[in-house]
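>>> how would this look folded up:
(one chain, ligands or ions: 2)
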Amino acid sequence: MASFTDLGLSETIIRSIVNMGFEETTPIQEMTIPIALQGRDLIGQAQTGTGKTAAYGIPLIERFAEQSEQIQGIVLAPTRELAVQVAEELNKIGQFKGIHSLPIYGGQNIDWQIRALRKRPHIIVATPGRLMDHMRRRTIRLNEIKIVVLDEADEMLNMGFLEDIETILKEIPEIRQTLLFSATMPKQIQNIAQRFMKEPEFIQIKATGVTVSDIEQHYIEVPEKLKFDVLTRLLDIQSPELSIVFARTKRRVDELSEGLNKRGYSAEGIHGDLTQSKRDSVLRQFKDGTIDVLVATDVAARGLDISGVTHVFNFDIPQDTESYVHRVGRTGRAGKTGLAITFVTPREMGMLRLIESVIKRRVLRKPIPTIVEAVQGQQRLTMNEILRVIAEEDIEKYKGLAEELLAENDSVTLLSAALKVITKEPENVEVRLTETAPIRVKGMGNPRGRQGGVPKKNYNQRTDTWSRRRSHDGRIGTAGASRGKGLV
Ligand SMILES: Nc1ncnc2c1ncn2[C@@H]1O[C@H](COP(=O)(O)OP(=O)(O)OP(=O)(O)O)[C@@H](O)[C@H]1O
Ligand SMILES: [Mg+2]
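Ligands and ions are numbered 1, 2, ... in the order given. I've put the predicted structure just below:
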């Protein structure tokens with residue numbers, strides 16, 4: 001890896017990079033910054049969490065003149081939260097050069113944005129819809145734009161922003177530089193590249209596959225009905241620092257975060273139907289650790305860089321392989337490690353195999369954790385907390401009471417009772433979720449299952465075994481038959 005000083009950057013930029021704590025370039029930065037500095041068009045693909053923002057942000061800011069009164073650069077991003085985050089990072093890179101970036105996104109008061117625009121930011125980081133609004137109102141002029149960046153370009157296409165992007169790019173002078181970045185590059189991207197870019201250089205960093213090797217990836221085959229209990233068991237056993245739970249729909253997100261709260265976890269949901277101020281406050285609370293579990297739709301799958309996310313749970317398997325790559329990429333960022341666990345219902349095994357074929361890596365199968373393990377996990381938490389309090393807190397005023405209680409009870413009985421009171425008992429509140437249909441892939445997995453030839457799989461919670469049951473006569477089939485007999 002190279003040093004930033006070898007890239008011919010100006011002193012003010014180097015100073016801000018040092019200030020941000022970056023010591024060496026990441027591979028995508030090393031490869032793309034010199035090309036982007038020459039003014040050439042560029043498509044950059046590198047794994048999640050490997051510094052693509054600075055890979056375009058550094059040349060973007062290096063090439064701008066701070067004296068200009070006009071907007072010189074536009075970054076388009078698919079979600080509001082990402083627009084805010086990118087603008088923050090660009091402001092850090094531009095702090096000593098005096099280059100200002102402003103996020104512009106839907107759900108935020110437009111008059112406020114218009115006032116902020118009058119302060120002459122050099123760079124706008126926008127979601128396409130809101131930028132279009134400003135273009136119609138003529139509150140943003142794009143005729144001085146020199147550089148355009150499409151961050152998460154493929155996701156903007158997925159979201160149906162193609163027309164908006166076309167309209168936006170047509171308003172921008174043809175003599176410009178266009179940069180396009182994402183961890184995933186499906187074929188449609190070539191379309192955009194051909195139509196809107198000039199002989200783009202394609203830089204692809206493919207160290208060990210599409211997903212980062214620092215992310216441990218597991219899956220658990222689990223029936224739909226048991227997913228929620230399995231999730232809470234995993235939270236109890238693993239006690240993640242911060243975790244993101246991805247679910248398929250907004251309704252699932254609401255139900256899940258409500259259910260988690262009922263069971264005593266500090267969780268909040270984020271999805272597109274919430275007000276922007278709610279979305280902002282949820283994300284803020286998650287970042288500062290006020291809430292430990294963020295339950296999200298794919299709105300939080302792309303680009304978000306939150307330190308301390310040790311676990312990603314795919315409560316529902318994603319509908320496409322790109323989504324998988326980005327979701328699990330919310331952990332294991334900037335050289336840190338992370339764990340991603342995907343729940344797969346029996347009929348979704350085909351989707352899992354498809355994901356494995358795209359990421360070119362096996363996802364490890366793990367058994368359904370037992371309730372005993374969950375209890376042990378909670379007890380361990382309690383024990384650690386007690387030891388921490390002994391080491392760090394003032395407990396003098398409890399000692400009198402302790403002695404009184406010890407006079408009439410033996411110490412083991414007394415402490416056991418106290419532990420029972422303070423340990424959270426797993427699965428003590430029933431939570432029901434609205435069921436969703438499995439995600440299936442044509443031609444993958446177990447095709448005969450769909451024709452009814454292979455008996456349905458059943459999971460036996462008490463014996464932790466899967467068995468195949470013939471639908472007609474109710475007899476137990478092969479796997480796990482001996483243990484499952486009479487219980488299925
Ligand atoms: N050269 C560097 N040295 C150390 N940390 C860095 C460096 N470049 C970027 N980072 C940090 O790494 C983290 C991930 O960067 P960034 O969000 O740009 O990743 P990304 O490649 O855009 O990921 P995604 O595909 O998920 O959007 C950020 O916290 C960023 O500040
Ligand atoms: Mg990014």
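
>>> ok, now how distant is Gly129 from Ile114?
Distance, Gly129 to Ile114, using CB to CB, to the nearest Å: 16 Å. Every residue, glycine included, has its C-beta placed from N, CA and C.

>>> go on, Thr32?
The gap separating Thr32 from Ile114 is 34 Å, by CB to CB.

>>> And those two? Which one has more around it.
Thr32 (27 against 14; other CB atoms under 10 Å).

>>> Thought Asp41 was touching the more buried one, still the case?
No - counting by CB atoms under 8 Å, Thr32 stays clear of Asp41, with 11.3 Å between them.

>>> What average pLDDT does the helix or strand where Leu414 lies get?
Per DSSP states H and E, Leu414 falls inside helix 411-422. On average, the pLDDT along helix 411-422 is 89.

>>> helices or strands up against it?
Under the contact definition 3 or more CB pairs under 8 Å, 6 or more residues apart in numbering; DSSP states H and E, helix 411-422 sits against helix 371-392.

>>> wait, is Asp254 part of a strand?
No - read with DSSP: H, G, I helix; E, B strand; the rest coil, Asp254 is helix and lies in no strand.

>>> got the residue ranges for the strands in the stretch 301-450 of the chain?
Assigned by DSSP state E, counting those that start in this stretch, the strands in the stretch 301-450 of the chain fall at 309-314, 338-344, 364-366.

>>> So for Phe228, which of those strands sits nearest?
In terms of CB to CB, the element of these nearest to Phe228 is strand 338-344, at 9.9 Å.

>>> ok, and what's touching that closest one?
The contact list for strand 338-344, computed with CB atoms under 8 Å, 6 or more residues apart in numbering, reads 214-222, 227, 230-231, 234, 238, 309-317, 324, 327-328, 331-332, 351-352, 363, 366.

>>> repeat for stretch 381-394
Contact partners of stretch 381-394, identified using CB under 8 Å, 6+ apart, comprise 236, 239, 395, 419, 422-424.

>>> mind redoing it with 6 Å?
239, 422-423 (CB atoms under 6 Å, 6 or more residues apart in numbering).

>>> now stretch 225-243
Contacts of stretch 225-243 (CB under 6 Å, 6+ apart): 222, 259, 263, 293, 308-311, 343, 368-369, 373-374, 377-378, 381, 426-427, 431.

>>> where does it sit relative to the chain's centre, distance-wise?
The chain centroid and the centroid of stretch 225-243 are separated by 17 Å, computed with CA atoms, centre = their mean, to the nearest Å.

>>> Could I get the average pLDDT for it?
The average of the pLDDT scores along stretch 225-243 is 95.

>>> Which residue ranges make up each domain of the chain?
4-204, 211-371 (the TED database).

>>> ends of stretch 258-273, how far apart?
With CA to CA, to the nearest Å as the measure, stretch 258-273 spans 16 Å from end to end.

>>> Bridge partners for Ser182, pull those for me.
Beta-bridge partners for Ser182, by DSSP bridges, are Gln45.

>>> Would you mind measuring from it to Ala296?
Taken as CB to CB, the spacing of Ser182 relative to Ala296 amounts to 19 Å.

>>> Show the residue spans covered by the strands in the stretch 101-250 of the chain.
Taking DSSP E, counting those that start in this stretch as the criterion, the stretch 101-250 of the chain carries its strands at 101-104, 123-126, 147-151, 177-182, 201-204, 215-221, 242-246.

>>> dump the residue contacts of the closest residue to ligand 2 within the chain.
Closest to ligand 2 within the chain is Gly303: 4.0 Å, counting by CB to the ion. By CB under 6 Å, 6+ apart, the contact set of Gly303 is 82, 152.

>>> thinking again about what came up before, got TSV for the strands of the stretch 301-450 of the chain, with mean neighbour count too?
As requested, these are arranged in TSV below (neighbours: other CB atoms under 10 Å):
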stretch	mean neighbour count
strand 309-314	23
strand 338-344	23
strand 364-366	11
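
>>> Dump the ones you listed into JSON lines; add mean pLDDT and distance to Lys250 as well.
Listed next are the strands of the stretch 301-450 of the chain as JSON lines, based on pLDDT from 0 to 100; distance: least, CB to CB, whole Å:
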{"stretch": "strand 309-314", "mean pLDDT": "98", "distance to Lys250": "16"}
{"stretch": "strand 338-344", "mean pLDDT": "98", "distance to Lys250": "19"}
{"stretch": "strand 364-366", "mean pLDDT": "97", "distance to Lys250": "28"}
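
>>> need these in CSV with distance to ligand 1, can you?
Shown next, in CSV, are the strands of the stretch 301-450 of the chain (distance: least, CB to the nearest ligand atom, whole Å):
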stretch, distance to ligand 1
strand 309-314, 11
strand 338-344, 12
strand 364-366, 22
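
>>> Just put the ones you listed in TSV and tack on distance to Thr12.
TSV is the format used below for the strands of the stretch 301-450 of the chain (distance: least, CB to CB, whole Å):
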stretch	distance to Thr12
strand 309-314	32
strand 338-344	34
strand 364-366	47
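
>>> and the ones you listed as a markdown table, adding distance to ligand 2?
As requested, the strands of the stretch 301-450 of the chain are arranged in a markdown table below (distance: least, CB to the ion, whole Å):
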| stretch | distance to ligand 2 |
| --- | --- |
| strand 309-314 | 14 |
| strand 338-344 | 16 |
| strand 364-366 | 27 |
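
>>> So for Ile439, which of those sits nearest?
Among the strands of the stretch 301-450 of the chain, strand 338-344 comes nearest to Ile439, with 9.3 Å by CB to CB.

>>> Just the CA trace of that closest one, in CSV.
C-alpha atoms of strand 338-344 as CSV (Å, rounded to 0.1, in the frame of the first residue of the first chain):
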residue,chain,number,x,y,z
GLY,A,338,-17.3,-8.8,11.8
LEU,A,339,-19.8,-11.7,11.8
ALA,A,340,-22.8,-12.0,9.4
ILE,A,341,-25.5,-14.6,10.1
THR,A,342,-28.2,-15.3,7.5
PHE,A,343,-31.4,-17.1,8.4
VAL,A,344,-32.5,-19.4,5.6
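
>>> That strand - which strands sit beside it in the sheet, and in what orientation?
strand 215-221 (parallel), strand 309-314 (parallel).

>>> Check which residues of the first one are buried.
Same thing as strand 215-221. 215-217, 219-221 (16 or more other CB atoms under 10 Å).

>>> do stretch 42-56 as well
For stretch 42-56, a neighbour-count test (16+ other CB under 10 Å) marks 42-56 as buried.

>>> Which ones among those map onto helices?
52-56 (DSSP state H).

>>> Keep only those of those residues that are also close to ligand 2.
For ligand 2, the contacts drawn from these by CB under 5 Å from the ion are Lys52.

>>> where does the stretch 201-350 of the chain have low pLDDT?
Residue ranges of the stretch 201-350 of the chain with pLDDT under 70: 207-211.

>>> Quick one: name the residues of it near ligand 2.
Counting by CB under 5 Å from the ion, the stretch 201-350 of the chain comes close to ligand 2 at Gly303.

>>> So which residues on the stretch 201-350 of the chain come close to ligand 1?
By CB under 6 Å from any ligand atom, the residues of the stretch 201-350 of the chain that approach ligand 1 are 303, 305, 329, 333-334.
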